[in-house]
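Student: Need a 3D model of the sequence below.
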Amino acid sequence: ADSLMWQQTFRNDSPSPEEPQPSTRVPNDPDSAARPRPSSLGSELPSSLPSPRDLVVDPMLLNDIEKEARRLATDVDSLVENLSGVLQSVSGLTVETVQAYRDGVCKTCDEVDSNIRGMYQLMAKWEELNKNMAPAYRVSSQIKDIKRL
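Tutor: A predicted model of the protein is given here:
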């Protein structure tokens with residue numbers, strides 16, 4: 001979505017949002033490389049540099065730079081969209097992991113509660129069994145007394 005907006009806003013024939021540093025070429029000098037124009041040299045220009053009126057801006061070089069800048073901007077936009085998708089995917093996985101952890105903790109708590117209830121029920125049955133066995137203990141005691149006689 002962002003790339004479509006960018007492409008509609010910055011068509012190939014639209015001017016750049018910022019004015020680029022003009023490149024310089026010395027006329028009739030094929031070996032001179034494109035150089036940025038010095039902005040703060042003032043009167044300290046050595047005599048070997050051409051004067052500013054001898055410098056010519058190469059329009060083809062400017063076009064190439066602008067095309068390259070647009071290509072880079074499109075690539076950056078694509079990377080940002082891809083990164084956004086990856087981050088959304090990671091966020092989704094994080095949410096799923098937290099939910100699984102929460103569900104595991106809840107189920108563990110429910111099982112612990114169930115085991116505690118079961119333990120109390122077992123202890124209650126044990127007490128009931130002991131009370132019901134009281135007559136059997138008395139009979140056992142009487143049998144032991146008879147054996148001693």
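
Student: And the lengthiest helix in the chain, what does it pack against?
Tutor: Determined from DSSP state H, the single longest helix within the chain is helix 59-132. Contacts defined by 3 or more C-beta pairs under 8 Å, 6 or more residues apart in numbering; DSSP states H and E place helix 59-132 against helix 2-9, strand 23-24. (Each C-beta comes from the backbone N, C-alpha and C, glycine too.)

Student: One more pass at 6 Å, please.
Tutor: helix 2-9 (3 or more C-beta pairs under 6 Å, 6 or more residues apart in numbering; DSSP states H and E).

Student: and the helix it packs on, average pLDDT?
Tutor: Across helix 2-9, pLDDT averages out at 57.

Student: now stretch 137-149
Tutor: On average, stretch 137-149 scores 89.

Student: ditto for stretch 104-111
Tutor: If you average the pLDDT values across stretch 104-111, you get 97.

Student: Alpha carbons only: can I get that stretch in CSV?
Tutor: Only the C-alpha atoms of stretch 104-111 are listed here, as CSV (Å, rounded to 0.1, in the frame of the first residue of the first chain):
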residue,chain,number,x,y,z
GLY,A,104,-1.2,-24.6,30.2
VAL,A,105,-1.0,-22.8,33.5
CYS,A,106,-4.9,-22.7,33.9
LYS,A,107,-5.1,-26.5,33.2
THR,A,108,-2.3,-27.2,35.6
CYS,A,109,-4.0,-25.2,38.3
ASP,A,110,-7.3,-27.0,37.6
GLU,A,111,-5.6,-30.3,37.9
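
Student: Lovely, talk soon.
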